[in-house]
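Visitor: With the input below, show me the fold.
(2 chains)
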Amino acid sequence: MNKPVSPTDLQLDEDAPLYAAQKKVYPQSVSGTFRRTKWGLMAFCLGVYYLLPFVRWNRGLGAPNQAVLVDLPNSRFYFFFIELWPQEVYYFTGLLIIAALTLFLMNAVGGRIWCGYLCPQTVWTDLFYAIERLIEGDRRERMRKDAAKGTMKLERFAEILLKHSIWLMIAWWTGGAWVLYFNDAPTLVKQLITFQAPMIAYIWIGILTATTYLLAGFMREQVCVYMCPWPRIQAALTDEWALNVTYKYDRGETRTSLKKANELRALGQPVGDCIDCYQCVAVCPTGIDIRNGPQLDCIQCGLCIDACDTVMTKIGRETRLIGYDNDINIHRRQEGKPPIYRIIRPRTVTYAALIAAVGAVMLYALLTRSLLDINVLHDRNPVAVKLADGSIRNAYTVRLLNKRGFDRVIAIDIDGPVNATLHVVGADSVTQDRPMIILARDTTTELRMLVTAPAESNPAKSVPVNFRVTDIGLGEVATATDHFVSP
Amino acid sequence: MTEHGDLDHVSGRTTTGHEWDGIKELNTPLPRWWLTTFYLTILWAVGYWIVYPAWPLLWSHTTGIWNYSTRAEVAAELANLEKIRGDKMVALGNASLEEIEKNPALLALARARGKTVFGDNCAPCHGSGGAGAKGYPNLNDDEWLWGGSLDQIMQTIQFGARSGHPKAHESAMLAFGKEGVLKKDQIVTVANYVRSLSGLPTAAGYDAAAGAKIFAENCTSCHGDNGKGNQELGAPDLTDKIWLYGSDEASLVETINSGRAGVMPAWVGRLDPSTIKALTVYVHSLGGGK
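Guide: Alright, predicted model coming up:
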């Protein structure tokens, strides 16, 4: 959209700065479909974030009853009916893959939906702007007040103080909610109020208070423009069919003032719909002009669509001069063809299929995962021991996992060399050949097990040996295979 | 510093004046806060010099106002570990060896502690897994020179064998050849007899009756009439499949000719009582414990 500038219009800045000061943005209030959507999504996102730690979920006696809990001291993650152990952290890998693909899919369908509506940076900045507007007034008022810096009155000082106090309060609650995900929320809230919470909780609240206050109160669009990698990735991932917040220059150009446009229209001359009112620029939270075309700084929040629609309605022209569209349709309209929209195309289908596939794999893994597990590690040194009567003994370190919330009795059987016997060190067996052990709830038990093959059986150099644990009550079975080695 | 030679006609912006193969770079100023952050990181580094050890001096270094040192941190952590371990080791010290084996928590603790101590102190001779070597018994099997019960193992660990400690296991095998008790051919004959005790093949032309006679006259006082050994004297069972110094004729001849008197140091006083308990339980749990 950049038009060549004629050499005579160029102005040479002899001392162009290497570093540019942040230009403060004063987004104007706006109303419309996208603004309403953003309010709704903000309420939803913040509501989930602040309230989720207080949701309870009954897991039985001895287990935490918080629906979502990262229990770091005990290395457990609870999410409603799911309990994950550290070795199952690969589920998060799956979630991250799904998250990335969802981001790609959003981008292929509707551009930076994440940036414009869902990103925490956007949500909190939007909230902070709303408070700023409530206290200091709308765009013009705020600009006027900032310009009159030198002559600050008490009233203005009070305004600023109030604004920052509310910002800090929200920021504090942001950090406060964060730590609630790592401890029993009601207990921690009581501790926080009575100043008896662990120091680490206060430190994290402090860190998140600082980042929220700084990022949503001051850094704002700088985060999106300079810090965030997604705009760069997004630009590389997009294609010509993706719908982005677009100024339809086929309709808008040539820009003319309302009065002049009416005059030219009366004369039957071609005139664009854009009346150069700058409302789209005034409402933009990153302070850009959408009419310059797709750009990295645009988070595609849709507020310029609302602003433009308001103006178009007022002057009696068709709305959506700015809207979700792409260059293909602009060119098609210029050629007099009807616009076409391709939401379903190889790219979106591929992303959706990948999301479904990864989701299905994860769901399958989650539903079929064993709550009783066994890991066997053969002794390395010595691998085999010859006993006085010539029989051969191999020792194994066996780790048994009971992921259920109650103790249970398990029996251990082996299937290996002929007539081999199993002995569990330190466990009194009810029956000689079938050791039975109590596994404590929600924990692992490490045992040393000895497998002895009599001399007569004369096992081969290496024979597979299968360890099988059976839950006596539930009938759940877990197996592991290792080898029985002869010297 | 900045030679903004040109203006770019497409963007209407200035260039940095840098040119590569006719391609010029637009001047896109970095945000000033970025520059400020950069300077702040430099200041932060200066803060490091002040609070932490930083600059080398001729014979020392600056220590920093926090007096931080990684060595002190390690020492503190080790002291803390000892403190944590302390309570548990007291429980270990108070329990009898049998009680430790019966209690899963104490057994796990004793095995973990024992394994570490074994690696530090016993592994040089007995091997990291207690597999032993020629002359150094395998602690995983069920043949014990001085007994394989919990108490017997603890006795051996505490006082050792031929260690010089008054309570150490003392008796040694006589060097029958060197001392002139048996002649060379007698030694070969009795060596073959010893092999026959555990069912190993004997040399051609070997006189079984003579072997039995020599064995009865010289060996039975320690190894017993039937060669089953005697743990009181540290005399091994000669009828089983386990051989500390080898079962071939040459090894046996060497054993009978020169005698054997392996040495194990006493650990009492070097390791504290609860550690010796843990070590005992660990060795007993390796698989051969009686």
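Visitor: which SSE is A:Tyr396 in?
Guide: Assessed by DSSP states H and E, A:Tyr396 sits inside strand A:392-402.
Visitor: What is that strand packed up against?
Guide: strand A:372-378, strand A:385-386, strand A:408-415, strand A:436-439, strand A:443-453, strand A:462-471, strand A:477-485 (3 or more C-beta pairs under 8 Å, 6 or more residues apart in numbering or on different chains; DSSP states H and E). Where you see a C-beta, it was placed from the backbone N, CA and C, and this is true even at glycine.
Visitor: Any buried residues in the fourth one, and which?
Guide: Within strand A:436-439, the residues that qualify as buried by neighbour count (16 or more other C-beta atoms under 10 Å in any protein chain shown) are A:Met436, A:Ile437, A:Leu439.
Visitor: Ok, the first one next?
Guide: Neighbour-count burial for strand A:372-378 flags A:Leu372, A:Asp373, A:Ile374, A:Asn375, A:Val376, A:His378 (criterion: 16+ other C-beta under 10 Å).
Visitor: what does the average pLDDT come to for it?
Guide: For strand A:372-378, the mean per-residue pLDDT is 95.
Visitor: Is that strand positioned near chain B?
Guide: No - residues of strand A:372-378 are not located near chain B by C-beta under 8 Å from any C-beta of the partner chain, the shortest gap being 11.3 Å.
Visitor: Quickly list what the closest residue to A:Glu446 other than its chain neighbours is bridged to.
Guide: Leaving aside its sequence neighbours, A:Glu446 sits nearest to A:Arg399 (C-beta to C-beta, 6 or more residues apart in numbering or on different chains; 5.0 Å). Judged by DSSP bridges, the bridge partners of A:Arg399 are A:Asn375, A:Glu446.
Visitor: what are the ranges of the strands in the stretch 151-300 of chain A?
Guide: Assigned by DSSP state E, counting those that start in this stretch, the strands in the stretch 151-300 of chain A fall at A:244-247.
Visitor: Residue numbers of it in contact with chain B?
Guide: So the stretch 151-300 of chain A meets chain B at A:Met219, A:Gln222, A:Tyr226 (C-beta under 8 Å from any C-beta).
Visitor: what secondary structure does residue 58 sit in?
Guide: Just going to use chain A. With DSSP: H, G, I helix; E, B strand; the rest coil as the basis, A:Asn58 sits in coil.
Visitor: Give the burial count for it, as a bare number.
Guide: If you count neighbours by other C-beta atoms under 10 Å in any protein chain shown, A:Asn58 ends up with 8.
Visitor: What score does it have for pLDDT?
Guide: Here, the pLDDT recorded for A:Asn58 equals 92.
Visitor: how close does the spatially most central residue of chain B sit to chain A?
Guide: Nearest to the mean C-alpha position of chain B, by C-alpha atoms, centre = their mean, lies B:Gly119 at 1.5 Å. Distance from B:Gly119 to chain A, counting by C-beta to the nearest C-beta, to the nearest Å: 11 Å.
Visitor: ditto for B:Ala161
Guide: Distance of B:Ala161 to chain A, given as C-beta to the nearest C-beta: 20 Å.
Visitor: Ok, B:Gly93 next?
Guide: From B:Gly93 to chain A the distance is 19 Å (C-beta to the nearest C-beta).
Visitor: so that residue touches B:Pro273, yeah?
Guide: Yes - assessed by C-beta atoms under 8 Å, B:Gly93 is found in contact with B:Pro273 at 6.1 Å.
Visitor: and the longest helix for chain A?
Guide: helix A:154-180 (DSSP state H).
Visitor: which secondary structure elements does that one contact?
Guide: helix A:33-51, helix A:120-136, helix A:185-193, helix A:199-214.
Visitor: and residue 135, what does it touch?
Guide: Picking chain A for this. The contact partners of A:Ile135, by C-beta atoms under 8 Å, 6 or more residues apart in numbering or on different chains, come to A:Glu159, A:Leu162, A:Lys163, A:Ile166.
Visitor: Oops, wrong one, chain B.
Guide: B:Leu244, B:Tyr245, B:Arg260, B:Gly262.
Visitor: for it, phi and psi?
Guide: Dihedral angles phi and psi of B:Gly135 (degrees, to the nearest 10) take the values phi 90, psi -10.
Visitor: What separation is there between it and B:Gly262?
Guide: From B:Gly135 over to B:Gly262 the distance is 6 Å, taken as C-beta to C-beta, to the nearest Å.
Visitor: tell me, what's touching the two both at once?
Guide: In contact with both B:Gly135 and B:Gly262: B:Leu244, using C-beta under 8 Å, 6+ apart.
Visitor: The strand holding A:Tyr396: how far from the chain's middle?
Guide: In terms of C-alpha atoms, centre = their mean, to the nearest Å, the centre of strand A:392-402 is found 41 Å from the chain centre.
Visitor: Take it, keep the C-alpha atoms, and write them as CSV.
Guide: What follows is strand A:392-402, C-alpha atoms only, in CSV (Å, rounded to 0.1, in the frame of the first residue of the first chain):
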residue,chain,number,x,y,z
ILE,A,392,21.9,-68.9,39.3
ARG,A,393,20.5,-65.8,40.8
ASN,A,394,19.7,-62.4,39.1
ALA,A,395,18.7,-59.4,41.1
TYR,A,396,16.4,-56.6,39.9
THR,A,397,15.3,-53.2,41.2
VAL,A,398,11.6,-53.1,40.7
ARG,A,399,9.6,-49.9,40.9
LEU,A,400,5.9,-50.3,41.4
LEU,A,401,3.5,-47.4,40.8
ASN,A,402,0.1,-47.1,42.3
